[in-house]
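In: Would you be able to build a 3D model of this:
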Amino acid sequence: MDGFENRALKLLGKICIPLARVSFFAVYFWFGLLKVLGLSPAEALVQELWSQTLSFIPFQNFVTFFACYEMAIGIAFLFPGLERLALYLLIPHMITTFGPLILLPHYTWKAFLVPTLAGHYIIKNLILIALGIALAAYVGDFKIKHAQVDE
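Out: A predicted model of the protein is given here:
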């Protein structure tokens with residue numbers, strides 16, 4: 001069994017970074033594209049968040065910018081060398097995305113620590129934050145600086 005495990009781990013080691021890149025691209029580009037096309041299941045939540053925060057900007061302009069921003073994050077994670085940019089784009093996006101947990105509790109919580117489906121959707125972004133940090137820390141420009149700090 002040891003030989004099988006070692007081969008499996010080598011394979012996983014080879015595919016983990018490309019898989020992470022493609023996963024980020026798929027999620028961010030797809031969700032952004034759905035917003036551009038007006039097909040996002042999160043549109044009501046986005047519109048409610050917009051009305052509570054940036055209603056001085058026309059909603060269509062806001063949602064188009066937000067969608068393109070999401071697609072840019074996906075594209076940036078896809079290409080080696082753009083990890084730093086992707087992480088910097090991810091930070092404000094995540095702040096915005098977590099906003100409804102505080103600003104729109106009627107959309108995101110059934111009861112104390114019991115999220116709605118929208119709340120689940122938002123909370124799962126903790127995984128994206130961790131994966132984004134891992135990609136930025138272990139590949140591209142950050143990897144070089146990380147290695148120098150450890151020495």
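
In: for the spatially most central residue of the chain, what are its contacts?
Out: Nearest residue to the geometric centre of the chain (CA atoms, centre = their mean): Leu128, 4.9 Å. Leu128 sits next to Phe24, Val27, Leu90, Met94 when contact means CB atoms under 8 Å, 6 or more residues apart in numbering. No exception for glycine: its C-beta is placed from N, CA and C like everyone else's.

In: and of those residues, the nearest to Ala72?
Out: Ranked by distance to Ala72 (CB to CB), the contacts of Leu128 are led by Leu90 at 10.4 Å.

In: my guess is the closest one meets Gly132, correct?
Out: Yes - look at Leu90 against Gly132 with CB atoms under 8 Å: they come within range, at 4.8 Å.

In: Against Ile122, how distant is Pro105?
Out: To Ile122, Pro105 is 12 Å away according to CB to CB, to the nearest Å.

In: Neighbour count: the two, which is higher?
Out: Neighbours around Pro105 and Ile122, counted as other CB atoms under 10 Å, are more numerous at Ile122. The numbers are 22 against 11.

In: Mind pulling up the pLDDT for Asn78?
Out: Wrong residue type there; residue 78 is Leu, not Asn. Looking at Leu78, its pLDDT stands at 91.

In: Would you mark the buried spots in stretch 46-64?
Out: Residues of stretch 46-64 classed as buried: Val46, Glu48, Leu49, Trp50, Phe62, Val63 (neighbour count, 16 or more other CB atoms under 10 Å).

In: can you list the residues you listed in JSON lines and add secondary structure and pLDDT?
Out: JSON lines is the format used below for those (DSSP: H, G, I helix; E, B strand; the rest coil; pLDDT from 0 to 100):
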{"residue": "Val46", "secondary structure": "helix", "pLDDT": "92"}
{"residue": "Glu48", "secondary structure": "helix", "pLDDT": "93"}
{"residue": "Leu49", "secondary structure": "helix", "pLDDT": "92"}
{"residue": "Trp50", "secondary structure": "helix", "pLDDT": "93"}
{"residue": "Phe62", "secondary structure": "helix", "pLDDT": "94"}
{"residue": "Val63", "secondary structure": "helix", "pLDDT": "94"}
